[in-house]
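Asks: After the sequence you'll find the predicted model.
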Amino acid sequence: MQAGAEPYGLIDHGFIVVAGERIQDIGTADSVHRIAGDLDCKRIDCGRRLITPGLIDCHTHLVYGGNRASEFELRLTGTSYADIAAAGGGIQSTVQATRNEAEDVLFDAARQRLQRMINQGITTVEIKSGYGLDTSTESKMLRIAQRLEHELPVSVHKTFLGAHALPPEYSGQPDSYIDHICQDMLPAIASESLVNSVDAFCETIAFSNVQTRRVFTAASDLGLPVRLHADQLSDSGGASLAAEFSALSADHLEYTNAAVAKNLATAGTVAVLLPGAFYYLGETTRPPVKAFRDCDVDIAVATDMNPGSSPMESILLALNMACILFALTPEEALRGVTVAAARALGVLHDRGTLEPAKRADFALWNATEPAELCYPIGAPQPVCVVNSGQIATGGLV
Ligand code: DI6
Ligand code: FE
């Protein structure tokens, strides 16, 4: 996935030398004899298969209680996602279920979901809080995210999403809840090292641009990078706010004005596209992909795995959806779950491409060309996934 003359940065007849948890060398078959000849190493012939960087899902809400099947039934009899939220369902119902569920039970459900994602080639995942909306439940969610990283072969980026919805205790007082986030919740959670970045839901049904700005200011004061659920259901000026704060990413972006693409480019903010939510909510307004392309905005693709708007665990399905629903090329889509997703998590120096000194995170596929990962409606799982030089699932031959 390195930029270069070949599409996808593809190396025909390539080799990778792994030492410990890092890539020591990578190159073509011609040079493998020169380099590996001098090395005392175990050699594995992967038999003309395709190796990609480990896939990175840079936007998920995978720790949650309960499910939203009854809301799905309601939506199919004509009630909209926004109407359900306004009536106290939606995110609020998952908040109740998450508050009421024991930590071990939540952990176990999340572990099973995450294992299935690893089986699909994921080596790094972002996990948001946001179904607690009080300090103890938000911490509980982020502790679970941390424990998942300890117990499964995957890296976890933890995001605090306290400003996801207004909790019932603060009904009618959104500004007081924002005070509470900025003064109490965020400092408490940051002091426990439970957070790598801070997110908010800037939307008519959630928090205003002004309220989001306050959360971003508090995060910046604590030295934490920000990201944003921006312009998903309406143009709330979210993408330009994200750019103003040099956010790591601005996510969704269906209603973003094309003119804001240059702000994202200047700020180095990655545009994260979430075709699963677009599909599941039956949206018709598409993100301004052409403007992102024209302005050289990095475009990432993620599942948005969550029980309400995108109950989808498959990054491979997201790849296909990004191509079909948002007209990304297969190369753009694959960059979106590797290079661009690594940038969206601030780890491109360490992951996202196969390069010497980067982490030995990769997936081995029964495929000969990269587009085979995008072209089916959900590609078959990889043969093997390697994380930090260790086999995470499957086998190498
Ligand atoms: N936008 C989303 O797509 C998810 N959160 C958000 O702010 C949906 C979360 C949910 O419906 O539970
Ligand atoms: Fe989301």
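Replies: That came through fine. Ligands and ions are numbered 1, 2, ... in the order given.

Asks: Nearest to ligand 1: which residue in the stretch 1-150 of the chain?
Replies: residue 91 (4.5 Å; Cβ to the nearest ligand atom). For every residue, glycine as well, the C-beta is placed using N, CA and C.

Asks: mind listing the helices for the stretch 51-200 of the chain?
Replies: 69-75, 81-86, 91-100, 103-119, 135-151, 174-180, 186-191 (DSSP state H, counting those that start in this stretch).

Asks: The third one packs against which elements?
Replies: What it means is helix 91-100. helix 135-151 (3 or more Cβ pairs under 8 Å, 6 or more residues apart in numbering; DSSP states H and E).

Asks: Quick check: buried residues in the helix it packs on?
Replies: 135, 137-149 (16 or more other Cβ atoms under 10 Å).

Asks: And these, which two are furthest apart?
Replies: Within the buried residues of helix 135-151, two members stand farthest from each other by Cβ to Cβ: 135 and 149, at 21.4 Å.

Asks: Point out the residues in the stretch 151-300 of the chain that sit beside ligand 1.
Replies: Contacts of the stretch 151-300 of the chain with ligand 1, taken as Cβ under 6 Å from any ligand atom, map to 164, 201, 229, 232, 277.

Asks: Can you tell me which of those residues end up in helices?
Replies: residue 277 (DSSP state H).

Asks: Who wins on neighbours among the residues of the stretch 151-300 of the chain next to ligand 1?
Replies: residue 229 (31 neighbours; other Cβ atoms under 10 Å).

Asks: Spit out the contact partners of the residue lying closest to that one once chain neighbours are set aside.
Replies: By the measure of Cβ to Cβ, 6 or more residues apart in numbering, the closest residue to residue 229 outside its immediate chain neighbours is residue 201, 4.4 Å from it. Contacts for residue 201 (Cβ atoms under 8 Å, 6 or more residues apart in numbering) come out as 130, 161, 163, 164, 165, 207, 229.

Asks: List just the nearest of those residues to ligand 1.
Replies: Ligand 1 has its nearest neighbour among those in residue 229, at 4.1 Å by Cβ to the nearest ligand atom.

Asks: pLDDT wise, what is the closest one at?
Replies: Listed pLDDT for residue 229 reads 98.

Asks: I'd like the distance between it and residue 91.
Replies: 11 Å (Cβ to Cβ, to the nearest Å).

Asks: And residue 267, by the same measure?
Replies: Taken as Cβ to Cβ, the span from residue 267 to residue 91 is 28 Å.

Asks: Which residue of the two possesses the greater neighbour count?
Replies: Per other Cβ under 10 Å, whichever of residue 267 and residue 91 has more neighbours is residue 91, with 26 against 19.

Asks: For the more buried one, give me its contacts.
Replies: Per Cβ under 8 Å, 6+ apart, neighbours of residue 91: 85, 130, 131, 164, 165, 308.

Asks: Repeat that for residue 147.
Replies: residue 107.

Asks: Give me the mean pLDDT for stretch 130-144.
Replies: 98.

Asks: and that stretch, anywhere near ligand 1?
Replies: No. Using Cβ under 6 Å from any ligand atom, stretch 130-144 stays clear of ligand 1, with a minimum separation of 7.0 Å.

Asks: contacts for that stretch?
Replies: 61, 63-65, 91, 94-95, 97-99, 103, 106-107, 110, 129, 158, 160-162, 164-167, 169, 184-185, 188-189, 192, 194-195, 199, 201.

Asks: ok, back up a step: most surrounded residue in the contacts of residue 201?
Replies: Top of these by neighbour count (other Cβ under 10 Å): residue 229, with 31 neighbours.

Asks: Against residue 55, how distant is the residue lying closest to residue 52 once chain neighbours are set aside?
Replies: What sits nearest to residue 52 in space, not counting adjacent residues and going by Cβ to Cβ, 6+ apart, is residue 363, at 5.4 Å. Going from residue 363 to residue 55 by Cβ to Cβ gives 6 Å.

Asks: Comparing the two, which residue is more hemmed in?
Replies: Each of residue 363 and residue 55 has its neighbours counted (other Cβ under 10 Å); residue 55 has more, 30 against 26.

Asks: What residues does that one make contact with?
Replies: 120, 121, 122, 123, 315, 337, 338, 341, 363.
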